[in-house]
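Q: build me a model:
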Amino acid sequence: RRSSDLVMMRSGQPLTGTIGRRCKEDEKLINATLRAGKRGYIIDTRSVNVAQQARAKGGGFEQEPHYPQWRRIHKSIERYNILQESLIKLVEASNDQSHNMDRWLSKLEASNWLTHIKEILTTACLAAQCIDREGASVLVHGSEGIDTTLQVTSIAHIILDPQSRTIRGFEALIEREWLQAGHPFQLRCSQSAYSNSKQKNEAPVFLLFLDCCWQIQRQFPCSFQFNEQFLIMLFEHAYASQFGTFLGNNENEKR
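A: This is a model prediction of the structure:
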């Protein structure tokens, strides 16, 4: 935030491994964002168990002795095949022609789609509160920093920055937090919930982000310069990129 010199950062997981490797350059870099006498917050979008298991594969999380001024918070957000299964169930519920409200609500609840929405919004609100109310810098990461991390930082930006709620500001947000950050659109959006085959890496990560935006926009319509039609258009282009904006998995593949 320019007015307060606070920073919200995103990254991939630190490669500490089972032996607890450290990177002094990394420690120095993120400590440079702290105000004198202030703590910072590291929001890990994985559960404690998942983060622990990642150490066996060379990943892991920040070790407290090396990051004494930072408080680590784990907020588990689902990813990959769990999200895709949830979307498939949501579509099935939406296509239910029985006209039975109880049955439809039961299917909607069973899809867990709204649970995923809640997880993202809760974590993004936490990040925004750390910056706005506690005056603390925030680092957000999961495993690779290209999925759940982007959902959280993007929604937090929308909460904190009115410019992100304009059309041009929202476009700039997607450019910065999704396209330039390397979200693999081709892998995640290769097909859809209507496909008969299931792709290993497919997941409605960007769609969940757009749905989170819609939830906020419905509550505070006067705070946004756009409506749901703009969000629907972005969803359609993510799966069928007419102008090439969402083609490929990173900026290098577009060249």
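
Q: got the contact list for residue 64?
A: Residues in contact with residue 64 (C-beta atoms under 8 Å, 6 or more residues apart in numbering) are residue 72. Using the backbone N, CA and C atoms, a C-beta is placed for each residue, glycine as well.

Q: from residue 118, how far out is it?
A: Taking C-beta to C-beta, to the nearest Å as the measure, residue 64 falls 29 Å from residue 118.

Q: kindly report the same for residue 39.
A: With C-beta to C-beta as the criterion, residue 39 and residue 118 are 27 Å apart.

Q: that's a helix at residue 92, yeah?
A: Yes - counting by DSSP: H, G, I helix; E, B strand; the rest coil, residue 92 is part of a helix.

Q: Three-state assignment for the closest residue in space to it that isn't next to it in sequence, please.
A: Nearest non-adjacent residue to residue 92, counting by C-beta to C-beta, 6 or more residues apart in numbering: residue 107, 6.7 Å away. Using three-state DSSP, the structure places residue 107 in helix.

Q: going along the chain, name the helices of this protein.
A: Counting by DSSP state H, the chain has these helices, from start to end: 24-31, 48-54, 81-94, 101-111, 113-132, 148-160, 167-174, 185-188, 205-219, 228-239, 251-254.

Q: among those helices, which gets the worst mean confidence?
A: When those are compared by mean pLDDT, helix 251-254 comes last with a mean of 84.

Q: helices and strands around that one, which ones?
A: Using 3 or more C-beta pairs under 8 Å, 6 or more residues apart in numbering; DSSP states H and E, no helix or strand is in contact with helix 251-254.

Q: quick one: residues in contact with that helix.
A: 179, 180, 182, 186, 244, 247, 248.

Q: ok, 7 Å please
A: 179, 180, 247, 248 (C-beta atoms under 7 Å, 6 or more residues apart in numbering).

Q: same deal with stretch 29-45?
A: Outside of stretch 29-45, the residues within contact range by C-beta under 7 Å, 6+ apart are 7, 9, 51, 61-62, 69-75, 77, 123, 126-127, 130, 135-142, 148-149, 152.

Q: what subset of those is buried?
A: Those of those that meet the buried threshold are 7, 9, 51, 61-62, 70, 72, 75, 77, 123, 126-127, 130, 136-142, 148-149, 152, by 16 or more other C-beta atoms under 10 Å.
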